[in-house]
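Engineer: Okay, sequence plus prediction incoming.
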Amino acid sequence: MKMKLHELSILPNRAALHKVPETKKLINTINAHSFNTAKKDALFAEALQKGDYLIPDGISIVKACRWLKAKSQPTERVAGWDLFEFEMGNLEEKAANGNWNPDEHDGRRKPVVMFMGSSEKTLALDVEQAAKQYPHLEVVTYSPPYKPEFSEEDNRAIINAINAANPDLLWIGMTAPKQEKWTYSHWDELNIHCHVGTIGAVFDFFAGTVERAPKWWQEHGLEWLYRLIKEPKRMWRRYIIGNSLFIKNIFIEKFFG
């Protein structure tokens, strides 16, 4: 499945998150890096295009949609972190204000949020942070094996853990494109009823193991530059080569279809 930015359905802004139905929905993000990757990875492209919602996690996506006169015209960047804060805050508010009825949720006193991905150490820190910031939510975790590809046994164990938890909100954090492809490929095997967000580095941001850019950098579309300055050895290829490739891909789409 070919990836064309001007054909994608992308949420316009943060406010649009309020309109996502409270049922089983897959929410992915797209930025310059994931767009470039999807151009050469058919399954990843399919996962992004066939998920339920796509949010513009990069000012480059916002500007490119405008330049291409794309079908979707997002007006602001909506990062994976924004999705995380919105969903967690929404569920916390519901539980704190007495709008959570245990009788309607298998007798659960608290909404259950599941973090699937990352290391045991990072997940333990996520649980600590959630207890402080979202005290009305119960957090459960699952750390999958750290390997390029999961075996059938690994996949079954992850699916079973998710289904057993039957969460009210599920976060998948294994970095792109692995997280999107895994979730899409096993979507029909997940017997759950909630929003599912593929949010990569947010697990690390929330745990405090990776520092997010200060507000000024975020507001001016420069979070990528901040990460490049902080981690040049790890990020130079993604941002220096990757951003140039994104411009090339968008130029080709604009003038050659």
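Structural biologist: Arrived safely.
Engineer: what's the spacing between Ala165 and Tyr239?
Structural biologist: To Tyr239, Ala165 is 36 Å away according to Cβ to Cβ, to the nearest Å. Heads up, the C-betas are built off the backbone N, CA and C, glycines and all.
Engineer: Pull the number of nearby residues for Ile229.
Structural biologist: Neighbour count for Ile229, taken as other Cβ atoms under 10 Å: 12.
Engineer: What's the separation between it and Val202?
Structural biologist: 20 Å.
Engineer: Give me the buried positions along stretch 231-249.
Structural biologist: Residues of stretch 231-249 classed as buried: Met235, Arg238, Tyr239, Gly242, Asn243, Phe246, Asn249 (neighbour count, 16 or more other Cβ atoms under 10 Å).
Engineer: can I assume the second one is in contact with His33?
Structural biologist: Yes. In this structure Arg238 lies within contact range of His33 using Cβ atoms under 8 Å: 5.5 Å.
Engineer: which non-adjacent residue is nearest Ala79?
Structural biologist: With sequence-adjacent residues excluded and distances taken as Cβ to Cβ, 6 or more residues apart in numbering, Ala79 is closest to Asp57, at 5.1 Å.
Engineer: got a list of what the one you found touches?
Structural biologist: Residues near Asp57 by Cβ atoms under 8 Å, 6 or more residues apart in numbering: Thr29, Ile30, Asn31, Ser34, Arg77, Val78, Ala79, Gly80.
Engineer: Nearest to Ala15, out of those: which one, please.
Structural biologist: Val78 (9.6 Å; Cβ to Cβ).
Engineer: What is the three-state secondary structure of the closest one?
Structural biologist: Three-state call for Val78 (DSSP: H, G, I helix; E, B strand; the rest coil): coil.
Engineer: who's the residue nearest to it when sequence neighbours are not counted bridged to?
Structural biologist: Nearest residue to Val78, sequence neighbours excluded (Cβ to Cβ, 6+ apart): Ile55, at 4.3 Å. Per DSSP bridges, the residues bridged to Ile55 are Thr29.
Engineer: start at 57 instead
Structural biologist: Got it, first residue is 57 now, which makes that one Ile111.
Engineer: what's the burial count for Ile111?
Structural biologist: For Ile111, using other Cβ under 10 Å, the count is 26.
Engineer: per-residue pLDDT, it?
Structural biologist: Per-residue pLDDT puts Ile111 at 98.
Engineer: which residues sit in contact with it?
Structural biologist: By Cβ under 8 Å, 6+ apart, the neighbours of Ile111 are Ile66, Leu67, Leu73, Ile83, Asn84, Thr85, Ile86, Val134, Gly136, Asp138, Leu139.
Engineer: And it, how close does it get to Glu194?
Structural biologist: Counting by Cβ to Cβ, the separation of Ile111 from Glu194 is 26 Å.
Engineer: Tell me how far the nearest residue to Ala126 once chain neighbours are set aside lies from Phe312.
Structural biologist: Computed as Cβ to Cβ, 6+ apart, the closest residue to Ala126 that is not its neighbour in sequence is His62, at 3.9 Å. According to Cβ to Cβ, His62 and Phe312 sit 12 Å apart.
Engineer: Lys96 too?
Structural biologist: For Lys96, the distance to Phe312 - Cβ to Cβ - is 17 Å.
Engineer: between the two, who's got more neighbours?
Structural biologist: Lys96 (9 against 6).
Engineer: If you count contacts, what does the one helix or strand Leu179 maps to end up packed against?
Structural biologist: Using DSSP states H and E, Leu179 sits within helix 176-189. Counting contacts by 3 or more Cβ pairs under 8 Å, 6 or more residues apart in numbering; DSSP states H and E, helix 176-189 packs against strand 168-173, strand 194-198, helix 258-263.
Engineer: from the middle of its chain, how far away would that helix be?
Structural biologist: Mean-position distance between helix 176-189 and its chain equals 18 Å (Cα atoms, centre = their mean, to the nearest Å).
Engineer: Just the buried positions in that helix, please.
Structural biologist: Applying 16+ other Cβ under 10 Å to helix 176-189 flags Thr178, Leu179, Leu181, Asp182, Val183, Ala186 as buried.
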